[in-house]
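> show me how the following folds:
(one chain, ligands or ions: 2)
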Amino acid sequence: MQSRSPHVISFQHEDTGPMVERVRVAILGASGYTGAELVRLLSRHPRVTLAALTANRKAGQALAQVFPHLGGLDLPVLSSVEAVDWAGIDFVFCALPHGTTQALLRDLLDGPHGGRLRIADLSADFRLRDPEVYAQWYGHAHQAVDLQKEAVYGLTERNRTALKTARLVAVPGCYPTSAQLPLSPLLAAGLIETDPLIIDAKSGASGAGREAREGSLHCEVSEGVHAYGIGGTHRHTPEIEQELSLAAGRPVRVTFTPHLMPMNRGILSTIYVRLTEGTTVDALRDHLAATYAGEPFVRVVSASEAVHTRHVRGSNHVLIGVHADRSPGRAILVCAEDNLVKGASGQAIQDMNVMLGFEETLGLGQAPLFP
Ligand SMILES: NC(=O)C1=CN([C@@H]2O[C@H](COP(=O)(O)OP(=O)(O)OC[C@H]3O[C@@H](n4cnc5c(N)ncnc54)[C@H](OP(=O)(O)O)[C@@H]3O)[C@@H](O)[C@H]2O)C=CC1
Ligand SMILES: CC(=O)N[C@@H](CCC(=O)OP(=O)(O)O)C(=O)O
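Ligands and ions are numbered 1, 2, ... in the order given. Sure thing, here's the model as predicted:
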């Protein structure tokens, strides 16, 4: 167990008694945006103890020094990954930059504690199932091909059964989550054509992480919008195509264009589809509503309700709207999520809850933050 930071205010979890067994969790990359979001959400999780938090350059600091908004929590001091006492850890959230994760998790799972640990990885390292496709998009050979094949893709609503027994879960990318939740059920049911599928997605700047980069500067992001990764060059394109092809049962190609928006959080994906012969827009909405009827986090709204990033901000909720186009045979789907919650840390916790047999909504009960 790591030492605890000074000047903390301890608090009692509200909804659990002292006899409830807790899993001891390590968050690798706790000084990043998704790591901080994991801490914020897990600090209210009744079945979790935050036993280790890691950082790279910020190792040795208290998390409150790095993120003052988390200053009221009793937390371990940030350590290096190498300093974690794995004997005291049951579950790992890995929120490290993609590329840095695969060798680290391979060595961890091959090591003395590997048989016991279960892992949710938020990076892109284990999402692509084919090592050749991975090498093509990420520019190097995968360093843990066996684990890449073993990893379960963690879009919770679609892969619950496999998640229950998974040792390693690849938490989906933020844009791919907002594309798949509306599209996968419609493709699986044959209600829309596999071509064209046009995904016009807009993200807040926190999607780029906390590391200082020229493109994340205030002057570069504020008061303007730009498209990037145009023409299928964004690395989320193969992830989206891989999963939509599985849903459709045949190869799917998408036109996916991300945009950087002058906002901190949120993704809005506007998706243009063509209906299959004999399908109506109402049938699309009815099918999505039926698919997600029992889901705690996905809500299909009526045509008159706005789908707005503000209505999901800070929560694990996803909103989906279904609209008719003025051209017959076409429809427009709109999907809003918080990129740091359902697009990353919230979905990772939802996956952990399923993996460990907990109530799926534990730690994720927050209503969205508005305005
Ligand atoms: N931001 C988002 O919306 C989403 C992010 N993701 C993915 O989640 C992962 C984390 O993203 P995010 O939180 O945004 O990233 P950040 O850049 O905000 O944080 C990265 C974290 O990793 C640590 N770190 C960096 N390099 C190393 C290293 N070589 N060894 C050990 N630790 C290191 C950093 O420590 P220090 O601060 O000390 O340098 C920091 O804690 C990434 O793979 C990202 O692609 C997934 C979905 C959405
Ligand atoms: C706004 C922004 O820069 N978004 C990131 C994607 C978010 C993310 O972190 O995705 P991964 O989990 O796949 O790394 C990007 O376009 O690369």
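> tell me the helices and strands packed up against the host helix or strand of residue 244.
Under the criterion DSSP states H and E, the helix or strand holding residue 244 is helix 236-248. Using 3 or more CB pairs under 8 Å, 6 or more residues apart in numbering; DSSP states H and E as the contact definition, the elements that helix 236-248 packs against are helix 131-138, helix 174-188, strand 192-203, strand 255-260. Where you see a C-beta, it was placed from the backbone N, CA and C, and this is true even at glycine.
> possible to save those as TSV with distance to ligand 2?
Written out in TSV, the entries for the helices and strands packed on helix 236-248 read as follows (distance: least, CB to the nearest ligand atom, whole Å):
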stretch	distance to ligand 2
helix 131-138	10
helix 174-188	5
strand 192-203	4
strand 255-260	5
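> out of those, which comes closest to residue 44?
Of all those, the one in closest proximity to residue 44, counting by CB to CB, is helix 174-188 (22.3 Å).
> put the alpha carbons of that closest one into CSV.
C-alpha atoms of helix 174-188 as CSV (Å, rounded to 0.1, in the frame of the first residue of the first chain):
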residue,chain,number,x,y,z
CYS,A,174,-14.4,7.9,-27.3
TYR,A,175,-15.5,8.5,-30.9
PRO,A,176,-16.1,4.7,-31.6
THR,A,177,-18.4,4.6,-28.6
SER,A,178,-20.6,7.4,-30.0
ALA,A,179,-20.7,5.8,-33.4
GLN,A,180,-21.4,2.2,-32.4
LEU,A,181,-24.2,2.8,-29.9
PRO,A,182,-26.6,4.1,-32.5
LEU,A,183,-25.2,2.2,-35.5
SER,A,184,-24.5,-1.4,-34.3
PRO,A,185,-28.1,-2.4,-33.4
LEU,A,186,-29.4,-1.0,-36.7
LEU,A,187,-26.7,-2.8,-38.8
ALA,A,188,-27.3,-6.0,-36.8
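> mind checking the SS state of the residue nearest to residue 305 when sequence neighbours are not counted?
Residue nearest to residue 305 in three dimensions, not counting chain neighbours: residue 321, with 6.8 Å by CB to CB, 6 or more residues apart in numbering. Assigned with DSSP: H, G, I helix; E, B strand; the rest coil, residue 321 falls in the strand class.
> near residue 321, how many other residues are there?
Neighbour count for residue 321, taken as other CB atoms under 10 Å: 22.
> that one reaches residue 334, doesn't it?
Yes. Look at residue 321 against residue 334 with CB atoms under 8 Å: they come within range, at 4.2 Å.
> identify the contacts common to those two.
Shared contacts of residue 321 and residue 334 (CB atoms under 8 Å, 6 or more residues apart in numbering): residue 307.
> show me this structure divided up by domain.
The record's domain split for the chain, according to automatic domain parsing, is 23-172+343-355, 175-339.
> any idea how far apart the tips of the longest one sit?
Put plainly, it is domain 175-339. Its first and final residues considered, domain 175-339 spans 8 Å by CA to CA, to the nearest Å.
> quick one: contacts for residue 142?
Listed by CB under 8 Å, 6+ apart, the contact set of residue 142 reads 102, 125, 131, 134-135, 148.
> likewise residue 165?
Residue 165 neighbours (CB under 8 Å, 6+ apart): none.
> quick check: phi and psi on it?
For residue 165, the backbone dihedrals are phi -110, psi 10 (criterion: degrees, to the nearest 10).
> same deal with residue 169?
phi -120, psi 130.
> out of everything not next to it in sequence, what's closest to residue 274?
Excluding the flanking residues, the one nearest residue 274 by CB to CB, 6+ apart is residue 193, at 4.4 Å.
> would you agree that neighbour is in contact with residue 279?
No. Judged on CB under 8 Å, residue 193 makes no contact with residue 279 at a distance of 9.5 Å.
> hmm, back to that, for burial, what's the neighbour tally of the residue nearest to residue 274?
Per other CB under 10 Å, the neighbour tally for residue 193 reads 19.
> quick one: residues contacting it.
Applying CB under 8 Å, 6+ apart, one finds that residue 193 lies in contact with 273-276.
> now it: how far from residue 183?
For residue 193, the distance to residue 183 (CB to CB, to the nearest Å) stands at 11 Å.
> what touches both of these two?
With contacts defined as CB under 8 Å, 6+ apart, the residues shared by residue 193 and residue 183 are residue 273.
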